[in-house]
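**Q** predicted coordinates and the sequence they were generated for:
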Amino acid sequence: MESAEFTKVSELNRHYNEVRDDIIVRHNVEKGTKVRLNNAIALYKNFDGQWIKMTSIKSDMINRLKQAELYNVDGIYKLKALV
């Protein structure tokens, strides 16, 4: 599954939860069960039409988007499930 494109941290959180819920449903895990998804979701950034994988750690994803917002760097991002 791939998320829609986004540019802000608030959108990242929403799309991250959607992709996470999709992974949980596809692996038949009951709701409310603790699940640890290590390297299961990757952040991609669009560079001149090419999607480049940036990171698969959520805290790094948030930091990258915060820095882009802080320095007014335009960027289009999306999330992709790796499992």
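**A** Yep, it's here.

**Q** so what's the gap between stretch 13-24 and the chain middle?
**A** The chain centroid and the centroid of stretch 13-24 are separated by 8 Å under C-alpha atoms, centre = their mean, to the nearest Å.

**Q** now swap in stretch 41-50 and tell me
**A** Averaging C-alpha positions (C-alpha atoms, centre = their mean) puts stretch 41-50 11 Å from its chain's average.

**Q** name the residues that touch it?
**A** Applying C-beta atoms under 8 Å, 6 or more residues apart in numbering, the external contacts of stretch 41-50 come out as 5, 12, 16, 19-20, 23, 51-56, 58, 60-61, 64, 75-82. To be clear about C-beta, it is placed using only N, CA and C from the backbone, and glycine gets the same treatment.

**Q** repeat that for 7 Å
**A** Residues outside stretch 41-50 that contact it (C-beta atoms under 7 Å, 6 or more residues apart in numbering): 16, 19-20, 51-56, 61, 64, 75-82.

**Q** tell me the mean pLDDT over that stretch?
**A** Stretch 41-50 shows an average pLDDT of 95 in the prediction.

**Q** buried residues, it. List them.
**A** Judged by neighbour count (16 or more other C-beta atoms under 10 Å), stretch 41-50 contains these buried residues: 41, 42, 43, 44, 45.

**Q** also stretch 56-66?
**A** Buried residues in stretch 56-66, counted by 16+ other C-beta under 10 Å: 56, 58, 61, 64, 65.
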